[in-house]
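**Student:** just need the structure, nothing else, for what follows:
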Amino acid sequence: MINSKEYAEYVSTHTQKSCEWKTLPIAFVVGGLICCIGQAFADLYTYLLPTWEKADIGALVSMTMIFLGGFFTGLGLYDKLGAVAGAGSIIPITGFANSIVSPAMEFRKEGIIFGTMAKMFVVAGPIIVSGVTSSAIVGIVYYIVGKV
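**Tutor:** I've put the predicted structure just below:
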């Protein structure tokens with residue numbers, strides 16, 4: 001058994017160093033392009049559905065981007081994009097779809113219930129719980145401040 005100091009030395013000698021000056025611009029560009037695609041869908045839906053409210057258009061764009069993220073994950077293309085773009089591919093909403101679909105695909109051999117459905121929220125579950133909890137806390141604070 002090794003102690004924590006030996007483990008830290010092992011990790012530092014075997015971990016591949018990243019070059020931020022190379023990876024950050026790529027992540028910025030890819031993340032920006034994904035957001036531009038989302039904006040293009042918003043503009044398209046606003047043009048095609050002029051009577052829809054802005055919030056409804058936003059929901060439709062979110063659904064479209066989540067679908068596309070899951071679809072390209074299913075085709076194996078989103079993981080290739082993630083290998084090149086890094087955080088640029090996981091920050092937008094499509095990265096959320098990827099984090100749900102990837103574990104579901106990985107464990108599909110274990111069956112629908114114990115594989116796909118059980119593993120679907122392994123990565124995204126804590127994010128959803130944190131988001132719901134923090135939004136509830138912000139809502140309560142907003143309500144209390146509004147009463148003062």
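**Student:** C-alpha only now, for contacts and for neighbours.
**Tutor:** Will do.
**Student:** which SSE is Leu81 in?
**Tutor:** helix 77-85 (DSSP states H and E).
**Student:** tell me which residues of that helix come out buried.
**Tutor:** Residues 78-79, 81-82, 85 are the ones in helix 77-85 that count as buried (16 or more other Cα atoms under 10 Å).
**Student:** would you mind listing the buried residues in the helix ranked longest in the chain?
**Tutor:** What stands out as the longest helix in the chain, according to DSSP state H, is helix 20-48. Within helix 20-48, the residues that count as buried by 16+ other Cα under 10 Å are 26-27, 30-31, 34-35, 38, 41-42, 45-46.
**Student:** tell me the phi and psi of Pro92?
**Tutor:** With angles defined as degrees, to the nearest 10, Pro92 sits at phi -70, psi 170.
**Student:** what residues are up against it?
**Tutor:** Pro92 makes contact with 31, 34-35, according to Cα atoms under 8 Å, 6 or more residues apart in numbering.
**Student:** would JSON lines of the residues you listed with pLDDT be doable?
**Tutor:** Formatted as JSON lines, the contacts of Pro92 follow (pLDDT from 0 to 100):
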{"residue": "Gly31", "pLDDT": "91"}
{"residue": "Ile34", "pLDDT": "93"}
{"residue": "Cys35", "pLDDT": "92"}
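**Student:** out of these, which comes closest to Met1?
**Tutor:** Lowest distance from Met1 to these (Cα to Cα) belongs to Gly31, with 42.3 Å.
**Student:** check which helices and strands the least confident helix or strand in the chain by mean pLDDT is in contact with.
**Tutor:** When each helix and strand of the chain is scored by mean pLDDT, DSSP states H and E, helix 118-119 comes last, with a mean of 70. Counting contacts by 3 or more Cα pairs under 8 Å, 6 or more residues apart in numbering; DSSP states H and E, helix 118-119 packs against helix 93-106.
**Student:** number of nearby residues for Ser4?
**Tutor:** Here the count is done by other Cα atoms under 10 Å, and Ser4 has 9 residues near it.
**Student:** ditto for Glu106
**Tutor:** Residues within reach of Glu106, counting by other Cα under 10 Å, total 13.
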